[in-house]
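In: coordinates only, sequence not included:
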């Protein structure tokens with residue numbers, strides 16, 4: 001249903017470096033840049049960041065990135081922790097969602113809940 005999503009970030013350069021690291025294990029790379037607005041994806045940009053342009057404090061957003069297998073979830077998690085993300089939940093099966101749901105959750109540099117998830121059993 002979704003074509004793309006964009007987050008406002010306090011420091012686009014720092015957030016871009018973070019997402020370069022954590023999206024690479026999932027097969028995504030930086031594909032487009034328009035000044036401080038940057039998009040990642042496998043073949044076209046699906047995830048974007050840009051500078052804060054609205055008044056007030058940003059609210060936490062949850063973004064889940066699809067992983068092809070559980071190893072990619074673990075690689076995402078390791079890259080995120082190495083890039084300074086706060087650990088919310090280490091990689092594990094979440095049977096309350098469904099029996100094959102394998103995910104890891106971190107908090108990015110702007111306080112967003114960012115997840116990598118695989119829906120396949122291994």
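Out: Done, it's in. Computed from a predicted structure; not experimentally measured.
In: outside of stretch 113-120, which residues touch it?
Out: Stretch 113-120 is contacted from outside by 22, 25-26, 60-70, 72-73, 76-77, 80, 85, 88, 98, 100-108, using C-beta atoms under 8 Å, 6 or more residues apart in numbering. (C-beta placed from N, C-alpha, C; glycine too.)
In: pLDDT averaged over the longest strand along the chain - what is it?
Out: For the chain, the strand that runs over the most residues, judged by DSSP state E, is strand 86-93. Mean per-residue pLDDT for strand 86-93: 98.
In: What strands flank the following helix or strand past that strand, and is each parallel or antiparallel?
Out: Reading on from strand 86-93 to the C-terminus, the next helix or strand found by DSSP states H and E is strand 102-107. Strand pairing for strand 102-107, determined by DSSP bridges: strand 86-93 (antiparallel), strand 113-118 (antiparallel).
In: ok so, going back, same question for the longest strand of the chain: list its buried residues.
Out: Buried residues in strand 86-93, counted by 16 or more other C-beta atoms under 10 Å: 91, 93.
In: List the contacts of it.
Out: With C-beta under 8 Å, 6+ apart, strand 86-93 has contacts from 70, 73-74, 77, 81, 99-107, 113.
In: chain center to that strand: distance?
Out: Centre-to-centre, strand 86-93 and its host chain are 13 Å apart (C-alpha atoms, centre = their mean, to the nearest Å).
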